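**Q** No letters, just coordinates:
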C-alpha cells in the first residue's frame, strides 16, 4: 500500500538535493540552458518560499516550491517527482498542498512556467484548472516555454 505524505520541509536535505540534480539533468536533456529557468537550493531557502516534500513510506519522492511574488501572486518552482514514484499521483498531491498554502496566504493566483516538451506536467496543470497566459515577472517570450496561471479563492468566484 502506498502512503504519500506531503509536508513543508527545508530544501537542504541530501535526498532533496539528489532530486534537484535529477530535475536539472532532465531539464538539460530537453531544453537549451537559456530556456531553463531553474532556481538553486539557496533560492528555495529564502523568506517567502514554501517548500513541499512528498514522502512515500518516509522516502522522499517529490518536491515543489511556492515562491511568493510579493504582488498577490506566487509562482510554482522546482516541481519534480522521482521517476520511481510516477503514477502514484505525487504531482497532483504536491500541487494540491501548494495551492492550499497559497489560499491560506490569501494569494489571488498561482503562476508557472513549464517547458513545451513536458506533456505530463502540462496535463497535470491543465486538469487542475491552470490556463495559458502571457509571460509574467522577468520572463521573456520563449517558444520552448508555456506560461500558465490559476486564479484562487475569492478571485475565482
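**A** Good, I have the coordinates. Since the model is a prediction, treat every value here as computed from it, not as a measurement.
**Q** Now for residue 108: which residues touch it?
**A** 72-73, 151-153, 155 (Cβ atoms under 8 Å, 6 or more residues apart in numbering). Backbone N, C-alpha and C define where each C-beta goes, glycine included.
**Q** Over to residue 37?
**A** By Cβ under 8 Å, 6+ apart, the contact set of residue 37 is 113, 139, 145.
**Q** Filter those residues down to just the ones in strands.
**A** 113, 145 (DSSP state E).
**Q** how about a markdown table for the contacts of residue 37, with distance to residue 98 and neighbour count added?
**A** Listed next are the contacts of residue 37 as a markdown table, based on distance: Cβ to Cβ, whole Å; neighbours: other Cβ atoms under 10 Å:
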| residue | distance to residue 98 | neighbour count |
| --- | --- | --- |
| 113 | 15 | 18 |
| 139 | 19 | 14 |
| 145 | 20 | 17 |
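**Q** Redo the contacts of residue 37 as TSV? Include distance to residue 43.
**A** Shown next, in TSV, are those (distance: Cβ to Cβ, whole Å):
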residue	distance to residue 43
113	15
139	16
145	19
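**Q** three-state assignment of the residue positioned nearest the centre of the chain?
**A** By Cα atoms, centre = their mean, the chain has its centre lying nearest to residue 79, at 3.2 Å. Classification of residue 79 using DSSP: H, G, I helix; E, B strand; the rest coil returns strand.
**Q** what's the spacing between the closest residue to residue 57 other than its chain neighbours and residue 55?
**A** Among residues not flanking residue 57 along the chain, residue 3 sits closest, at 5.6 Å (Cβ to Cβ, 6 or more residues apart in numbering). For residue 3, the distance to residue 55 equals 8 Å [Cβ to Cβ, to the nearest Å].
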